[in-house]
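Enquirer: Mind looking at a prediction? Sequence and model below.
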Amino acid sequence: MRAPNIDLDSAPWWDGLRAHRIIVQECRVCARHWLPRTPACPYCGAGSPIDQPVPGEGVVYSFVRAHRPMSEAMADEVPYTIAAVDLDGGGRVFARVEGDCSIGLRVAPEFVDHESWTELRYRESR
């Protein structure tokens, strides 16, 4: 699997995953959480959000299951599932889900360490 392109805007997200933590942004005014990172709150427009670690549990909002590889490097990975996960407390993240997946499924985060980066995945919550 290819490493992501990490820039100044996304570095706090990837640094958090490397430390096995999920970091979202939180508005200083309305206290809502969101992903992906932006310079201002998408709900009220306030600037200077803060980084906030969250447990990362949530519920599958939607998902797709890939049955064909997007590249030769992914040939051994199919089929796999990518889901939109609504995080408890706010925010939505897209990540791979291991095992069976369905809309409304409660999931918990898993961290997969690669050589130079860490991938966020999910598995059914127990």
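Expert: Structure's in. What do you need?

Enquirer: Name the helix or strand for the spatially most central residue of the chain, please.
Expert: The residue lying closest to the centre of the chain (CA atoms, centre = their mean) is Val93, at 3.8 Å. Assigned by DSSP states H and E, Val93 falls within strand 92-98.

Enquirer: residue contacts, Ile28?
Expert: Just so we're on the same page, residue 28 is Arg rather than Ile. Arg28 makes contact with 46, 48-50, according to CB atoms under 8 Å, 6 or more residues apart in numbering. The way it works is simple: take the backbone N, C-alpha and C, and place the C-beta from them, glycine included.

Enquirer: same question but for Pro79, I mixed them up
Expert: Pro79 touches 65-67, counting by CB under 8 Å, 6+ apart.

Enquirer: can you tell me how far it sits from Arg32?
Expert: For Pro79, the distance to Arg32 equals 35 Å [CB to CB, to the nearest Å].

Enquirer: Gln25 now?
Expert: 9 Å.

Enquirer: which neighbours do the two share?
Expert: Joint contacts of Gln25 and Arg32 (CB under 8 Å, 6+ apart) are Cys41.

Enquirer: closest to Ile103 among the contacts of Pro79?
Expert: Arg65 (12.5 Å; CB to CB).

Enquirer: Secondary structure class of the nearest residue to that closest one once chain neighbours are set aside, three-state.
Expert: Spatial nearest neighbour of Arg65, chain neighbours left out: Thr81 (4.9 Å); criterion: CB to CB, 6 or more residues apart in numbering. At Thr81 the chain is in strand, as set by DSSP: H, G, I helix; E, B strand; the rest coil.
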